[in-house]
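**Student:** Generate coordinates for the sequence data below:
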Amino acid sequence: MTRTATVAGLRVLVVDDERPALDELTFLLRGDDRVGEVLATTSATEALRILQESDLDALFLDISMPGFSGLELASVLSRFKEPPPIVFVTAHEQHAVEAFELQAVDYVLKPVRAQRLSEAVRRLGHAGRDLDATPRAASEVQVPVELGGVTRFVRRSEITHVESQGDYARLHTPGGSHLVRTPLTTLEAEWGDAGFLRIHRSLLVALPHVREVRMDAGRCSVVVGRPDAPGVELAVSRRHTRELRDLLLRRASGPR
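**Tutor:** The predicted model follows:
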């Protein structure tokens, strides 16, 4: 089966064991001009049968369902030769990391807003494209730093994260750290297009260097660093958790 390259006329399947939620999501999707046909079922087992028998472009999937959960269904589908893109729609934020590992296109929290759902439909066609060029763009930039009265240049692509220190910022690399006389807010504005994202009021993280996302009792953190060395764990504030999760999901999903 060849999946559509754009979101025009998408044929989608909605899966949710709660009938009111299923009906609401189906209604909203049918009101989107980019969606051509919406199938619906309250059973993950029935969804698997439909997916095996029908050509579908995307799946909108609840997570907490009796018997066969949405995550279990997504895990089965990941073994398909050409698995459908998945948008998880759930009331539970704590499953975001598992969804990220399953390469979901998006993770929408209930109650679903029409504007947020519209963004999920858009991501079905554009997931992963905006960050694909980040490592190449970053590697061309040299950042001047001073050490013992000598100016050196650090490649921005080597910087894993940036820590605020008043009017200064400390640049962290696998080989050490460097203090520059530039506020964190300035670096956030100038380096945003290179994949640097604020995860805390005092921290920027370089998305290409994120190798692990952790959730513990509702708290999120990321691990940065080389795969062959001990990583550095950085706390993500609740305020910035959703944006970080969304960007990583889009980056991980890649072109379909």
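**Student:** Tell me where the stretch 151-256 of the chain has helices.
**Tutor:** For the stretch 151-256 of the chain, the helices defined by DSSP state H, counting those that start in this stretch cover 184-191, 238-253.
**Student:** Nearest to Arg211, out of those helices?
**Tutor:** helix 238-253 (11.0 Å; CB to CB). Yep, even glycine has a C-beta here, placed from its N, CA and C like the rest.
**Student:** For the strand or helix carrying Ala99, the averaged confidence score.
**Tutor:** Per DSSP states H and E: Ala99 is located in helix 96-101. The pLDDT scores in helix 96-101 average 69.
**Student:** What is the subsequent helix or strand relative to that helix?
**Tutor:** Using DSSP H and E, the helix or strand that directly follows helix 96-101 along the chain is strand 106-109.
**Student:** Helix or strand next in line after that next one, which one?
**Tutor:** Downstream of strand 106-109, the next assigned helix or strand under DSSP H and E is helix 114-126.
**Student:** mind giving me the domain split of the protein?
**Tutor:** Domain segmentation of the chain under automatic domain parsing yields 10-126, 134-253.
**Student:** Point out the most buried one among the ones you listed.
**Tutor:** Sort those by mean neighbour count, taking mean count of other CB atoms under 10 Å, and domain 10-126 sits at the top with a mean of 18.
**Student:** about what we covered before: out of the helices of the stretch 151-256 of the chain, which gets nearest to Val89?
**Tutor:** Short answer: helix 238-253, nearest of the helices of the stretch 151-256 of the chain by CB to CB, at 13.5 Å.
**Student:** rewinding a little: so for Ala91, which of the helices of the stretch 151-256 of the chain sits nearest?
**Tutor:** Checking those against Ala91 by CB to CB gives helix 238-253 as the closest, at 14.2 Å.
**Student:** What's the mean pLDDT across the closest one?
**Tutor:** pLDDT averaged over helix 238-253 gives 73.
**Student:** Helices of the stretch 1-150 of the chain, start to end?
**Tutor:** Under DSSP H, counting those that start in this stretch, the stretch 1-150 of the chain gives helices at 19-30, 44-53, 70-77, 96-101, 114-126, 134-139.
**Student:** Listing request: residues of the stretch 101-250 of the chain with sub-threshold pLDDT.
**Tutor:** Within the stretch 101-250 of the chain, the stretches with pLDDT under 70 are 101, 125-140, 148-150, 249-250.
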